[in-house]
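1. Below are the sequence and a predicted model; questions follow.
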Amino acid sequence: MNRSISLNTLQEGQSARVERIASRSAMRRRLQDIGLTSGTAVTCLGRSPFGDPAAFCIRGAVIALRDEDSRDVIVSPS
C-alpha cells in the first residue's frame, strides 16, 4: 500500500499521482491552473544543484516548482 507524501519529496525519476492540494492560499489556485488536480500523473525530472526548485512533468509540460509551493501537494507514489 502506498503512503501519501508531499510532492517536494519525490526523487528524480520517481512518479506519483496527485491526491489533493493541502493549501488554501492563492497558490492553490495557481497549482490547479497548471494541471495539478486529483488523479494527475507527475514525474520528477530533476532538481537544481541546490535542490530547489525542482522540475516536474505535469500533463506533458515541464514545470519548475519551488519547494515551499510543492510541499502542499499531496501525492501517492507509483
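-> Thanks, I have it. Everything numeric here is computed off the predicted structure, so don't read it as measured data. Numbering: from 1, shown residues only.
2. Low-confidence regions, this protein specifically.
-> Scanning the chain for pLDDT under 70 picks out the ranges 1-2.
3. Next, the most centrally placed residue in it: phi, psi?
-> Nearest to the mean C-alpha position of the chain, by C-alpha atoms, centre = their mean, lies residue 7 at 3.9 Å. Residue 7 adopts backbone torsions of phi -60, psi -30, taken as degrees, to the nearest 10.
4. Number the chain from 774, please
-> Okay, residue one is now 774; in that scheme the one you just asked about reads as residue 780.
5. That one and residue 811: what is the separation?
-> Here residue 780 is placed at a distance of 13 Å from residue 811 (C-beta to C-beta, to the nearest Å). Bear in mind the C-beta positions are built from the backbone N, C-alpha and C, glycine included.
6. what touches both of those two?
-> Common neighbours of residue 780 and residue 811, counting by C-beta atoms under 8 Å, 6 or more residues apart in numbering, are residue 791.
7. hmm, back to that, and the residue nearest to the centre of the chain, how close does it get to residue 786?
-> 14 Å.
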